[in-house]
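# 3D, please:
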Amino acid sequence: MSERIQMADELHRKGYSCSQSVAVACSDLVDVPKEILFRATEGFGAGMGTMDGTCGALTGALLIAGLKNSTGNLDNPKSKASTMKISKAMLTSFREKSGAIICRELKGAGTGKMLCSCPDCIRHGVEIVEENLA
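Below is the predicted model of the structure:
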């Protein structure tokens, strides 16, 4: 288990959301303070607040992808296509590892069949960051 996965697990047990856990644990890959990553991902928890949206662990990973890959050039935004390609690869990998990308489906809300626990989604979120960006 990588140090980032261990850190993300500890952060989640401390009360961080899935998104916050992944983004803050992967902060060493981007030039953004942990507090900013924590604040920026706060609204992404619980499938963007209602379990109906994309898993927070995946959104945290995709935030890191954008921060890592984007040129940040506001006048000549040329990195969007390459960031989207990375994001697609990460989404596909997350779906393969976890069984879905929507929080409600992952948690089995309505079906009673959990596909992936939050700790496992967080682990998968960090893994896809490490596989695609580290």
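
# List the residues that contact residue 20.
11, 37-38, 41-42, 44-45, 56, 60 (Cβ atoms under 8 Å, 6 or more residues apart in numbering). C-beta coordinates here come from the backbone N, C-alpha and C atoms, glycine included.

# Over to residue 32?
Residue 32 sits next to residue 67 when contact means Cβ under 8 Å, 6+ apart.

# Export only the CA atoms of the host helix or strand of residue 39, formatted as CSV.
Under the criterion of DSSP states H and E, residue 39 resides in helix 34-40. Below are the C-alpha coordinates for helix 34-40, written out as CSV (Å, rounded to 0.1, in the frame of the first residue of the first chain):
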residue,chain,number,x,y,z
LYS,A,34,-3.6,21.2,1.2
GLU,A,35,-6.0,23.6,2.8
ILE,A,36,-7.1,24.9,-0.7
LEU,A,37,-7.5,21.3,-1.9
PHE,A,38,-9.6,20.5,1.2
ARG,A,39,-11.8,23.5,0.7
ALA,A,40,-12.1,23.1,-3.1
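
# circling back: drop anything exposed from the contacts of residue 20.
Using 16 or more other Cβ atoms under 10 Å as the burial test, the contacts of residue 20 include 11, 37-38, 41, 44-45, 56, 60 as buried.

# In a markdown table: the residues you listed, plus pLDDT and distance to residue 89.
Converted to a markdown table, the buried ones among the contacts of residue 20 look like this (pLDDT from 0 to 100; distance: Cβ to Cβ, whole Å):
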| residue | pLDDT | distance to residue 89 |
| --- | --- | --- |
| 11 | 98 | 25 |
| 37 | 98 | 21 |
| 38 | 98 | 26 |
| 41 | 96 | 21 |
| 44 | 92 | 20 |
| 45 | 84 | 24 |
| 56 | 96 | 19 |
| 60 | 97 | 16 |
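
# export those to CSV and tack on distance to residue 100?
Conversion of the buried ones among the contacts of residue 20 to CSV gives the following (distance: Cβ to Cβ, whole Å):
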residue, distance to residue 100
11, 23
37, 25
38, 26
41, 20
44, 16
45, 17
56, 13
60, 16
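
# Among those residues, give me the pair with the biggest separation.
Using Cβ to Cβ, the two most remote members of the buried ones among the contacts of residue 20 are 11 and 44, lying 14.2 Å apart.
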